[in-house]
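Visitor: Turn this into a structure:
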Amino acid sequence: MTATRPSVLVLGGGAAGTMTANALRRRIDADVTVLDKSQTHSYQPAYYLIPFGYMDLDDQRRDTRDLLHDEVRFVHDEVVGIDPDSETVSGRDGTYEYDVLVSAVGNDLRPSAVPGMREGWTQTDSVYPFYHADAAAALGDAVDEFDGGRFLVTVPDTPIKCGGAPLKLAMLLEEHLRNRGVREDAEVVMTKPGEDVFGTGPKAPYQDRIEAIWDERDITFVPEFTVSTIDHESRTVHSEEGDSLEYDLYAPVPPQYGHEFVVENSPLTDGGEYVSVDDNTLQHETYPNVFALGDNADVPTSRTASAARKQSHVVVENVERYLDDRELAPDYDGYTACPILVEEGKAMIAEFDYESAISAPVVSRLNWILDVNVIPSLYWNVWMRGYDPVP
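Guide: Numbering: from 1, shown residues only. Take a look at the predicted model:
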C-alpha cells in the first residue's frame, strides 16, 4: 500500500459501481477512479415496463460521467484482465494500478449461448430477449400487434439479474391482452428450469401469492424446462429435458455469465463465474484489497439494484476499515427487494435476506406508485449520487 493517498479503482459504472464510487469519494481520503467501456448508464429495471408504455427508454438513460462527482475520475476503457498479485487491471488502452479494487462489472448477457436465440432476434419479428434495451423497446410494437396465440417467456439455467422481471412481464402482458380485448385468443406461458415460479425458503410467501394470482388469471407455468435450442423458423423452443413448446411471440431471458475478463483472465472467481467474496463482508477470500458487489459478486442472494444498494454500504464501510487496518464489518445479510408488478396500479414488494422474508406479500396501489413513480427518481437523484439515508 502506498504512503500517499490510496487509489481505489472501481470497475463498472453501473448501479453498484456508480453509487459506491460516489459514496467512497465522500467517505475516505483517496483517489477514486471508475473504469467502464460504456459511457451510458441505463436504468435496467425499466426494461420490462417499456413495452407497455409505463416508462420511456430515453428517459431512463444518463451519461456515465455526469452521474459521477467531479472528484471521481472516469476512464472510458474496456477491461481485458485483472492481476491482483501485481495490483493492476489491463484495459484495451492502458494498464491501471490500484491499492484497493472494487469489482462492480455486472454480468454478461449471452443470447448466443442458446442456438437460435440470436438468429430469432435478428432475423424474425417474434423473438425479443427483453433484458437487452433494444429488444425491450421493439417488444412494445410486437405486443400491440399480438392478437392471439402463445406468448412465451423462458428463464435460463443460470443466475439472472432481477429474477422477478420475467414474472412481471408475463403478468403485465396478460393484462395488456385483456385491455385490448384479445385475451380469450391468447395463452400466456412462462417456463423455468426449476420447480418454482419464484422460489422457496425466504421467497416462499411471495411464491404462494404469485401462484394464486396466476391461477386466477390463467397464466401457465411450466416447471423443469431448461431451454436448449430455438428453432426460429418453426417457432419452437426445445428443452434439455426433451420437451418442446411452440410460440407466436417469444420473450426469452438470455443466459447470463461472468465476464470473460474476470473468469478467464483473472484468479478472482476461484473457478466459478463470479468474484468469490465473503457473504457478509464482501471482501475477496484470497486478496484482501479486493471487494465485489452487485451482479458480479458470488453471494447467495438475488441480483437486484436493491441488493447492490445495501451491499454498497458494506463495501464503503469495509474499504475504509481495510485502509485503516481495522477489522471488517460483516454487515451484509443478503438483503434484496423485488417489486412485483401484477397489473397496472397493483404491485407487491418481495423483500428478504439470507434467512427469511421481511415484507408481507401484500398487493397494493402504494407499491405500484413506489416502483414506477418514486424509485426511479430516488435511483437517479439520490442513490446514484452516493446518498442513501437508509443503510
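Visitor: Which strands and helices lie in contact with the top helix by length along the chain?
Guide: Longest helix in the chain, counting residues (DSSP state H): helix 305-323. Counting contacts by 3 or more CB pairs under 8 Å, 6 or more residues apart in numbering; DSSP states H and E, helix 305-323 is packed against helix 15-27, strand 100-103, strand 290-292, strand 336-343. No exception for glycine: its C-beta is placed from N, CA and C like everyone else's.
Visitor: Run through who's touching the first one.
Guide: Around helix 15-27, the neighbours that count as contacts under CB atoms under 8 Å, 6 or more residues apart in numbering are 8, 10-11, 30, 32, 34, 36, 41, 44, 64, 67-69, 71-72, 102, 104-106, 293-295, 305, 308-309, 311-313, 315-316, 319-320, 379, 383-388.
Visitor: name the element S86 belongs to?
Guide: Using DSSP states H and E, S86 sits within no helix or strand.
Visitor: what pLDDT does it get?
Guide: With respect to pLDDT, S86 scores 98.
Visitor: What of P389?
Guide: Reading off the model, P389 has pLDDT 70.
Visitor: Any figure for the gap between it and R309?
Guide: Using CB to CB, to the nearest Å, P389 is found at 12 Å from R309.
Visitor: In terms of packing, which of the two has more residues around it?
Guide: Remark: of P389 and R309, R309 carries more neighbours, 25 against 5, as counted by other CB atoms under 10 Å.
Visitor: How about the contacts made by the more buried one?
Guide: Under the criterion of CB under 8 Å, 6+ apart, the contact list for R309 reads 15, 19, 383, 388.
Visitor: Can you tell me the closest non-neighbouring residue to the third one?
Guide: Translated: W383. Of all residues not flanking W383 in the chain, M19 sits nearest, at 5.3 Å (CB to CB, 6 or more residues apart in numbering).
Visitor: so where do the strands sit in the stretch 201-350 of the chain?
Guide: Under the criterion DSSP state E, counting those that start in this stretch, strands of the stretch 201-350 of the chain are mapped to 220-222, 227-231, 236-239, 244-246, 249-252, 256-257, 290-292, 336-343, 346-352.
Visitor: How far off centre is the second one?
Guide: Here the centre of mass of C-alpha atoms in strand 227-231, compared against the chain's by CA atoms, centre = their mean, to the nearest Å, lies 23 Å away.
Visitor: what does that strand rub up against?
Guide: The contact list for strand 227-231 (CB under 8 Å, 6+ apart) reads 114-117, 119-120, 127, 154, 156-157, 191, 236-240, 250, 252.
Visitor: Check the residues you listed for burial and list the buried ones.
Guide: Those of the contacts of strand 227-231 that meet the buried threshold are 114, 116-117, 119-120, 127, 154, 156, 191, 237-239, 250, 252, by 16 or more other CB atoms under 10 Å.
Visitor: Run through the residues that contact the spatially most central residue of the chain.
Guide: The chain has K161 as the residue nearest its centroid, 2.9 Å off, counting by CA atoms, centre = their mean. Contact analysis of K161 by CB under 8 Å, 6+ apart lists 44, 106-107, 131, 256, 295, 303-304.
Visitor: If you rank those by neighbours, which is first?
Guide: Busiest of these [other CB under 10 Å] is D295, holding 27 neighbours.
Visitor: just to revisit the earlier point, okay if I get the buried ones among the contacts of strand 227-231 as JSON lines plus distance to D218 and pLDDT?
Guide: Formatted as JSON lines, the buried ones among the contacts of strand 227-231 follow (distance: CB to CB, whole Å; pLDDT from 0 to 100):
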{"residue": "V114", "distance to D218": "28", "pLDDT": "98"}
{"residue": "G116", "distance to D218": "28", "pLDDT": "98"}
{"residue": "M117", "distance to D218": "27", "pLDDT": "98"}
{"residue": "E119", "distance to D218": "31", "pLDDT": "97"}
{"residue": "G120", "distance to D218": "26", "pLDDT": "98"}
{"residue": "V127", "distance to D218": "24", "pLDDT": "98"}
{"residue": "T154", "distance to D218": "19", "pLDDT": "98"}
{"residue": "P156", "distance to D218": "25", "pLDDT": "98"}
{"residue": "T191", "distance to D218": "16", "pLDDT": "98"}
{"residue": "V237", "distance to D218": "21", "pLDDT": "98"}
{"residue": "H238", "distance to D218": "25", "pLDDT": "98"}
{"residue": "S239", "distance to D218": "22", "pLDDT": "98"}
{"residue": "Y250", "distance to D218": "19", "pLDDT": "98"}
{"residue": "P252", "distance to D218": "22", "pLDDT": "98"}
